[in-house]
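1. Model the following, please.
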Amino acid sequence: MITCILLSVGIVSVSFATPSPADPIKESEHEKKLSLRSTQTAQQQIENGVSFLDVTCIDKKIPMLKYSEDVVVCIYENSTKKLEQRQWGISHKVNQNGIKPGCTDYYFIMNHQNDPPSKSEISKKYRMTVKDIARDTVFWKPVELEYSENTVRLTARGAFQEHHQELIIKELSLVSKVSSVSIDRGACS
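-> Residues are numbered from 1 along each chain as shown. Predicted coordinates for the structure are as follows:
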């Protein structure tokens, strides 16, 4: 008599790890953001996390930063010269020279009596002062202002030479309702 023995053999598959392709969901989100930038207004781009310096414009327009507000708009190049002469703002192309990059937090502390100065006046005065001394990466950052009881603190991040710091202090002291200006420095956070 012949006895059959059946053995159960499992098939073991061996696979060598290969790098998985980039996440297609993340790639499609990135492509979507890039395509949206070409159809969104400058303000929509900023609201979606695009930095002032990275705003893109269509129809042969160029980005322009308004001095008195944290606003970037797309303007035809022939109009930018007129707006710059009127001290409304500055185009991205204009500000190419300036200080060397670096990273320090500067806190310009403006003292006032019970009536604080306006944000737009401080922003304009600051930007008008730094437009010729600061690189794009410093100039095109939003102006951060913190109001407290009798002070306003403007935070600027970058690298300003000593005489530039003195110039900024001097100009900020000319803002209406400001009684004095001091500076404090810290490491970039």
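2. Would you map the helices across the protein?
-> Ranges of helices in the chain, per DSSP state H, are 24-37, 42-47, 77-85, 119-130, 136-139, 162-172.
3. how near is Lys125 to Asn111?
-> According to CB to CB, to the nearest Å, Lys125 and Asn111 sit 15 Å apart. No exception for glycine: its C-beta is placed from N, CA and C like everyone else's.
4. same deal with Pro142?
-> 23 Å.
5. Please identify which of the helices of the chain is closest to Leu154.
-> When the helices of the chain are compared by CB to CB, helix 119-130 sits nearest Leu154, at 6.2 Å.
6. Now do the closest one: everything it contacts.
-> Here helix 119-130 makes contact (CB atoms under 8 Å, 6 or more residues apart in numbering) with 65, 67-70, 87, 90, 108, 110, 138-139, 143, 145, 152, 154, 156, 160, 164, 167-168, 171-172, 174-176.
7. Next, the angle from it to helix 162-172.
-> 150 degrees (axes from the mean of the first three to the mean of the last three CA atoms, to 10 degrees).
8. Buried residues, helix 119-130. List them.
-> Under the neighbour-count criterion of 16 or more other CB atoms under 10 Å, helix 119-130 has Lys119, Glu121, Ile122, Ser123, Lys124, Lys125, Tyr126, Arg127, Thr129, Val130 buried.
9. And the average pLDDT for that helix is what?
-> Mean pLDDT, computed over helix 119-130, is 93.
10. so where's the chain shaky on pLDDT?
-> By pLDDT under 70, the weakly predicted segments of the chain are 1-38, 93-103, 135-137, 187-189.
11. again, only this time at 80
-> 1-39, 92-104, 132, 134-140, 157-159, 187-189 (pLDDT under 80).
12. That one - how does it break down into domains?
-> Using automatic domain parsing, the domain parsing of the chain gives 32-91, 104-187.
13. ranges for the strands of this structure?
-> Here the chain has its strands, by DSSP state E, at 61-66, 72-76, 89-91, 104-112, 144-147, 151-158, 178-187.
14. Turn the ones you listed into CSV, columns for distance to Ala42 and mean neighbour count.
-> Below are these laid out as CSV (distance: least, CB to CB, whole Å; neighbours: other CB atoms under 10 Å):
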stretch, distance to Ala42, mean neighbour count
strand 61-66, 6, 21
strand 72-76, 5, 19
strand 89-91, 12, 21
strand 104-112, 27, 18
strand 144-147, 20, 14
strand 151-158, 22, 19
strand 178-187, 30, 13
